[in-house]
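1. Kindly return the folded structure for what I paste below:
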Amino acid sequence: MSSCVGGSISGMIVIFTGIILIHHRNKSSPNTGDTVVAMDMLLAFILCYSLIFTVMEPLRAGIKAVYVSFAEHPQSLSQTYPLIFRRMSRMSESNNMT
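-> Below you'll find the model as predicted:
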C-alpha cells in the first residue's frame with residue numbers, strides 16, 4: 001500500500017513540476033525541446049518516488065512488527081497494546097469462521 005501512496009504522491013508532484021516547467025519554458029526559453037521537459041519530469045518522478053518510499057518504510061516495518069508480534073507472542077501484544085490485540089483477534093476469528 002505504501003508503494004501505491006508513494007507512486008500517487010510522486011505522480012502528483014511530477015504533474016505539478018511539469019506544469020511549472022512548461023510554463024517556464026514558454027516564458028523564458030521557447031527553444032527548449034520537449035525531451036528536456038520529459039527528462040526533467042522523469043528525474044523528478046524517480047527522486048520523489050524514492051524519497052517517499054524511503055520515508056514510508058518505517059511505517060511498513062512497524063506494521064509488519066505488529067503482525068509478527070501477534071503471531072509469535074500474542075500475550076505480550078495483549079498486555080502492551082490491548083486495542084490492537086482485540087481488533088486483530090476479531091479479524092482472525094472472522095477469517096477462521098469463513
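
2. Pull out the buried residues from whichever helix in the chain runs longest.
-> The residue-count maximum for a helix in the chain (DSSP state H) belongs to helix 34-72. For helix 34-72, burial by neighbour count (16 or more other CB atoms under 10 Å) applies to 37, 40-41, 44-45, 48-49, 52-53, 56, 69-70. For glycine as for every other residue, the C-beta is placed from the backbone atoms N, C-alpha and C.

3. Is it possible to get CSV of those that adds pLDDT and distance to residue 20?
-> Output for the buried residues of helix 34-72, formatted as CSV (pLDDT from 0 to 100; distance: CB to CB, whole Å):
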residue, pLDDT, distance to residue 20
37, 73, 10
40, 76, 10
41, 76, 10
44, 78, 10
45, 79, 14
48, 78, 14
49, 79, 18
52, 80, 19
53, 80, 23
56, 82, 25
69, 89, 45
70, 89, 46
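
4. Relative to residue 97, which of those residues is nearest.
-> Among the buried residues of helix 34-72, residue 70 lies closest to residue 97 (CB to CB), at 18.1 Å.

5. what ranges of the protein fall below the confidence cut-off?
-> 1-3, 6, 24-32, 98 (pLDDT under 70).

6. let's see it at 90
-> Low-confidence segments of the chain (pLDDT under 90): 1-60, 63, 69-71, 74, 76-77, 80-81, 84, 88, 91-98.

7. returning to that earlier point: which is the succeeding secondary structure element to the longest helix of the chain?
-> Going down the chain from helix 34-72, the next helix or strand is helix 74-80, by DSSP states H and E.

8. Buried residues in that following helix, which are they?
-> Buried residues in helix 74-80 (16+ other CB under 10 Å): residue 77.
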